[in-house]
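> got a structure for you, letters missing:
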């Protein structure tokens, strides 16, 4: 009996394998072979789906944007106030649990790879910019400040959350959830101070 091929299920399996490989092994370990081994398929199938390592990285970054975007949309929607939404979104980006740590490791891996590739760098800048835009909007809704001041506060908050994630991705034992939250809460205090 012939096996029926399900391209969507196959792509979903490969997508998860790309994500997990980058989260576990970083960009140096993200190879067609490593993804194939994790997915339990041939390298030919991975190559047919993605083509090369660069395509794997782009796919992982798009998945990261989708995952974190859906999570932050939910956190913002469920918040009772703009201030609570800002806090939930900022704290929700941290590497304070296994999912957050995997997200941080994928983000750091993609950032490292983007340093030598203008297309990857442009994708990184686009998605990081959308996070700062969200923070700016939430700050403007929570406190009375000018657009320029909200933008500056959002930049500080984004730098703090992203910096904490990088440090936690590299040394999770030293950066406990409590320490990550304490650092970001300091930046949130500055962001939420009335002008």
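Now that the structure is in, tell me what you want to look at. If you're wondering where the values come from, they're calculated on a predicted model, not measured in any experiment.
> helix or strand right after the worst-scoring helix or strand of the chain on mean pLDDT?
Least confident helix or strand of the chain, by mean pLDDT, DSSP states H and E, is helix 7-29 with a mean of 81. Following helix 7-29 in sequence order, the next helix or strand is helix 32-39 (DSSP states H and E).
> list the buried residues for that following helix?
Residues 32, 34, 35, 36, 38, 39 are the ones in helix 32-39 that count as buried (16 or more other CB atoms under 10 Å). In short, each C-beta sits where N, CA and C put it, glycine included.
> now do stretch 13-32
Here stretch 13-32 shows 13-15, 17-23, 26-27, 30-32 as buried, counting by 16+ other CB under 10 Å.
> just the helices from the chain, written as ranges.
Using DSSP state H, the helices of the chain run over residues 7-29, 32-39, 43-50, 53-78, 82-92, 98-114, 118-142, 147-170, 177-191.
> in terms of mean pLDDT, which of these ranks lowest?
Among the helices of the chain, helix 7-29 carries the lowest mean pLDDT, a mean of 81.
> buried residues in stretch 52-70?
56, 57, 58, 59, 60, 61, 63, 64, 65, 68.
> reformat those as JSON lines; add distance to residue 91.
Formatted as JSON lines, the buried residues of stretch 52-70 follow (distance: CB to CB, whole Å):
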{"residue": "56", "distance to residue 91": "30"}
{"residue": "57", "distance to residue 91": "27"}
{"residue": "58", "distance to residue 91": "28"}
{"residue": "59", "distance to residue 91": "27"}
{"residue": "60", "distance to residue 91": "24"}
{"residue": "61", "distance to residue 91": "22"}
{"residue": "63", "distance to residue 91": "22"}
{"residue": "64", "distance to residue 91": "18"}
{"residue": "65", "distance to residue 91": "19"}
{"residue": "68", "distance to residue 91": "13"}
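> between those residues, which is nearest residue 6?
Nearest to residue 6, judged by CB to CB, of the buried residues of stretch 52-70 is residue 59 at 18.7 Å.
> measure the residue lying closest to that closest one once chain neighbours are set aside to residue 111 for me?
Nearest non-adjacent residue to residue 59, counting by CB to CB, 6 or more residues apart in numbering: residue 18, 5.5 Å away. Residue 18 is 17 Å from residue 111, where distance means CB to CB, to the nearest Å.
> which residues touch residue 131?
68, 93, 158 (CB atoms under 8 Å, 6 or more residues apart in numbering).
> please repeat the previous calculation with a cut-off of 6 Å.
By CB atoms under 6 Å, 6 or more residues apart in numbering, the contact list for residue 131 reads residue 158.
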